[in-house]
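Asker: build the 3D model from these lines:
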Amino acid sequence: MTSLDGLGSIDGPTTALLRCSFMQSESQFEAPLSDLRRRIEELEGYPPGSGHEREIGRLRQELESETTKVFANLTPWQTTLVARHAERPHTLDLVAGLMDEWLELHGDRAFGDDPAIAAGLARFEGRSVAVVGHQKGRGTRERIRRNFGQAKPDGYRKALRVMRLAEKFHLPVITLIDTPGAYPGVDAEERGQAEAIARNLIEMASLRTPIVVVVTGEGASGGALALGIGDRVAILEHAIYSVISPEGCAAILWSKDGDRRAEAASALRLTAPDLLRFGIVDEVIPEPLGGAHADPAGTIERVRPVLARMIEETAKIEVERLVRERRRRFRRLGVFREG
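Answerer: I've put the predicted structure just below:
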């Protein structure tokens, strides 16, 4: 496997996160399920009439039962690993499955084009829309080219350019979040990473067109929030959304190697049920049994009606009220009462 050591100057927590995200194609708790799938596939290769059909039926029942049991009791750290699974649908998968007439736009008109952000125009359910999302890529070569979904300032400026275009032509904006965070390398910092993220937050808060956000995988740190200011926010069942990755949190609070990441994941309250309870997201989109990576096409079809309904709802709201309620929504976050 290609080494990740040459990806540039990045901090320790991010390096650990990247290694986990890149190399973790199968979580340890899912290994028994994978064994059952392999046994089923082997038996399905036998010629008809060899008497294996009954065993396949038994194994399928066992797989369904074990999958239900495992995914009903995921810890926050296990949910994080599921959210990072390499086979979950990414932005361009969702575009291909949901959109027609996709026209990708490139470049920020200032420095260059960042492949970690996919942005463009499309038609969704007969309506013209703008789509912006993180793109992690598949396979070693593409993942490195797309920097594992970690955008640089030019990526966020490209996203904002497309969102301003959507505002100009009164198109709803769809943003799809799936990133371990904004890229923390020296070149990104030199080109104004913090300013680019802050600019997106300011501009999205006042954008005079509907914005619908879907967290599809991992949404960590300001790199996620830079696409996350919306009128409606949905999240896939096993996705996560947090101010920082569990590894980064553990490294800052407790130890340099982030070995308390599972404890950090629990403390961060980053799972979909927690986020719904705190009012950070509006809706949780159920995933197929076994997670989105077990049935990407089925997952994409589950996103369709939620996305269509949220766009329809926000499109009916007068623009001044839309912006006012969007700002109020985010000002409320973090407010709590002690019992």
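
Asker: helix, strand or coil for the residue nearest to residue 155 when sequence neighbours are not counted?
Answerer: Leaving aside its sequence neighbours, residue 155 sits nearest to residue 114 (Cβ to Cβ, 6 or more residues apart in numbering; 3.2 Å). Just so you know, the C-beta spots here come from the backbone N, C-alpha and C atoms, and that holds for glycine as well. Look at residue 114: counting by DSSP: H, G, I helix; E, B strand; the rest coil, its state is coil.

Asker: ok, residue 114 - contacts?
Answerer: Counting by Cβ atoms under 8 Å, 6 or more residues apart in numbering, residue 114 touches 108, 147, 151-152, 154-155, 158.

Asker: next, format the residues you listed as JSON lines and append neighbour count, pLDDT and distance to residue 87.
Answerer: Shown next, in JSON lines, are the contacts of residue 114 (neighbours: other Cβ atoms under 10 Å; pLDDT from 0 to 100; distance: Cβ to Cβ, whole Å):
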{"residue": "108", "neighbour count": "23", "pLDDT": "95", "distance to residue 87": "30"}
{"residue": "147", "neighbour count": "25", "pLDDT": "94", "distance to residue 87": "19"}
{"residue": "151", "neighbour count": "30", "pLDDT": "97", "distance to residue 87": "22"}
{"residue": "152", "neighbour count": "28", "pLDDT": "97", "distance to residue 87": "26"}
{"residue": "154", "neighbour count": "22", "pLDDT": "97", "distance to residue 87": "28"}
{"residue": "155", "neighbour count": "34", "pLDDT": "97", "distance to residue 87": "23"}
{"residue": "158", "neighbour count": "28", "pLDDT": "98", "distance to residue 87": "26"}
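
Asker: nearest to residue 319 among the residues you listed?
Answerer: Relative to residue 319, the closest of the contacts of residue 114 is residue 158; by Cβ to Cβ it sits at 24.2 Å.

Asker: so the closest one touches residue 112, yeah?
Answerer: No. Between residue 158 and residue 112 there is no contact under Cβ atoms under 8 Å: 9.0 Å.

Asker: regarding residue 129, what is its secondary structure?
Answerer: Once three-state DSSP is applied, residue 129 turns out strand.

Asker: what strands line up against the longest strand seen in the chain, and which way round?
Answerer: Counting residues, the longest strand in the chain under DSSP state E turns out to be strand 211-220. Partners of strand 211-220 in the sheet, by DSSP bridges, are strand 173-179 (parallel), strand 232-236 (parallel), strand 240-242 (parallel).

Asker: I'd like those as JSON lines, with mean pLDDT appended.
Answerer: Listed next are the strands paired with strand 211-220 as JSON lines, based on pLDDT from 0 to 100:
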{"stretch": "strand 173-179", "mean pLDDT": "98"}
{"stretch": "strand 232-236", "mean pLDDT": "98"}
{"stretch": "strand 240-242", "mean pLDDT": "96"}
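
Asker: contacts only, for the closest residue in space to residue 191 that isn't next to it in sequence.
Answerer: Once flanking residues are discounted, residue 191 sits nearest to residue 153: 4.5 Å by Cβ to Cβ, 6+ apart. By Cβ under 8 Å, 6+ apart, the contact set of residue 153 is 108, 111, 188, 191-193, 195-196.

Asker: how about residue 332?
Answerer: Here residue 332 is in contact with residue 279 (criterion: Cβ under 8 Å, 6+ apart).

Asker: can you do 10 Å?
Answerer: 279-280 (Cβ atoms under 10 Å, 6 or more residues apart in numbering).

Asker: could you do the one 5 residues further on as well?
Answerer: Applying Cβ under 10 Å, 6+ apart, one finds that residue 337 lies in contact with no residue.
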